[in-house]
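Participant: Dropping a prediction and its sequence here:
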Amino acid sequence: MKLQNVLTFRLSVLKAIAIALWAVCFYFAIIKEINNKTDDSLTNYAESLITDYLAGMPLPDTHNGSGNNYYIHAVSDEYAEKHSHIRYRDMDTYVTDDNKFEQTRAVTYIFKDNNDKFHELTVFTPTIDKQDLKNSIFIWLIVLFFGLLAGIIIVNIWTVSHSMRPLKRLFGWLDTYKLGKNIKPLENNTRITEFRKLNETVMRSIERNERQYEQQKLFIANASHEMQTPLAICRNRLEMLLDDEGLTEEQMAEIIKTLHTLKELTETNRSLLLLCKIDNGQFASVKPVSLKEVTAQAVNNLKPVYSRMKITVNNMCEEAPVIDMDESLAVVLMTNLVKNAFVHNIQGGEINITSDHEHIKIENTGQADKLDSDKIFERFYHSPGKKSSTGLGLAIVKAICAQYGMDVTYKFNNGKHAFEISKCKK
């Protein structure tokens, strides 16, 4: 889930809870205010009646038009002891004139007359129907609640989206960043301290990675280049030793083994040097190259080499992608893929090559299990049973494809291993 959505959701939930609590407090505050005003009026009227009653003055008619009604009667001492002498409450009172019950607010006083007899006075007045009030307040609060919530969500989304623009720009820039490639400078000015620090941290990390990457490339290139001459000298000397007639068969066998090892080391060294050149962009010559013609050339060159394996090659390329790239790298690309199909094949197996304007696929028989698609393009990865290879062929294929924006994928279908190159889409 996006950070913007998470923040909006959490803020909306918190504000919804706050609004709900406010609504409850608002309702009870209104009811309390209404009761306080009504109770003050009832208290004053009740105390006035008690004063007049104790003074022996005639009491007003219970329906005197003032809105306050009352009734008074004598109570026992036991009753007076069990009940509070001043009580406020809501009650339903039957109104004879309207022939119905109405919601009223009442105050009850228990007092002694001049003869020490207890009397109970109840004064009540019509008041608002609190249930109706509650329903009305609830409905309007619901309307207010959802109105405010919708507004808050809109404001949150706009605010968070606006505030997250520096982060989105940083992500967009990182998506285009490739290690070892020329990149556009990061233009991400912001007043937010955390985002400024994040920009600075990312730039420092990238600069450090670039320095380390350049140092590694330089080391590998220099080491590979410097190894070429000693390796060639060693091979020449060993080949000269083979011409010595005084060598025994065992000595000659050991020299041949050593030559074979030096040959593998030389191939590995050349492959590493080629990878460094590709990474450094040293192949600047670009022209349209048809992968169909390059593939046919690779098949013709390699088929005689592996003729002992009696592999059937079905080159069914009618059309193939035309890529703007260095021609020598195109030859390396398709030669490595075709050679991979021969090397990892089985006796009497087959190779099928198909293509269209956007793709070219090389499919071959081989081991019965699928290869590890996550590691197959890594450098020095060896498939089971093929430790003799340099483990750099497919890594070179991957590097060349990346150099020219092509995609290379591996699939295993119906017992066959397939490598497919897809032309980049503009």
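Facilitator: It's in.
Participant: Show me the shaky parts of the stretch 301-426 of the chain.
Facilitator: By pLDDT under 70, the weakly predicted segments of the stretch 301-426 of the chain are 383-390, 425-426.
Participant: Go through stretch 324-333 and flag the buried ones.
Facilitator: The neighbour-count check on stretch 324-333 (16 or more other CB atoms under 10 Å) flags 325-326, 329-333 as buried. Placement of C-beta: from N, CA and C, glycine included.
Participant: likewise stretch 348-366?
Facilitator: 349, 351-355, 359-366.
Participant: and the two most separated of these?
Facilitator: With distances taken as CB to CB, the most widely separated pair in the buried residues of stretch 348-366 is 349 and 359, at 22.5 Å.
Participant: With just CA atoms, put stretch 335-346 into CSV.
Facilitator: Included here for stretch 335-346 are C-alpha records, laid out as CSV according to Å, rounded to 0.1, in the frame of the first residue of the first chain:
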residue,chain,number,x,y,z
THR,A,335,27.9,-16.8,-31.1
ASN,A,336,27.7,-17.1,-27.4
LEU,A,337,24.0,-18.1,-27.5
VAL,A,338,24.5,-20.6,-30.3
LYS,A,339,27.7,-22.0,-28.7
ASN,A,340,25.7,-22.4,-25.4
ALA,A,341,23.1,-24.4,-27.3
PHE,A,342,25.8,-26.8,-28.6
VAL,A,343,27.9,-27.1,-25.4
HIS,A,344,24.9,-27.8,-23.2
ASN,A,345,23.2,-30.2,-25.6
ILE,A,346,23.1,-34.0,-25.7
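Participant: ok, residue 244 - contacts?
Facilitator: If you count contacts by CB atoms under 8 Å, 6 or more residues apart in numbering, residue 244 has none.
Participant: let's number from 35 now, not from 1
Facilitator: In the new count, where the first residue is 35, that last one comes out as residue 278.
Participant: which SS state does it fall under?
Facilitator: Of the three states, residue 278 takes coil under DSSP: H, G, I helix; E, B strand; the rest coil.
Participant: From residue 272, how far out is it?
Facilitator: Taking CB to CB, to the nearest Å as the measure, residue 278 falls 11 Å from residue 272.
Participant: so residue 142 bridges to which residues?
Facilitator: For residue 142, the beta-bridge assignment (DSSP bridges) gives partners residue 121, residue 156.
Participant: And the pLDDT for it?
Facilitator: According to the prediction, residue 142 has pLDDT 93.
Participant: Would you confirm that it contacts residue 114?
Facilitator: No: using CB atoms under 8 Å, residue 142 is not in contact with residue 114, being 11.6 Å away.
Participant: Please identify which helix or strand holds the closest residue to residue 69 other than its chain neighbours.
Facilitator: Of all residues beyond its chain neighbours, the one nearest residue 69 is residue 139 (6.8 Å), with distances taken as CB to CB, 6 or more residues apart in numbering. Residue 139 is located in strand 134-146, with elements delineated by DSSP states H and E.
Participant: Of all the residues in that strand, which ones are buried?
Facilitator: When neighbours are counted by 16+ other CB under 10 Å, the buried residues of strand 134-146 are found to be 137-145.
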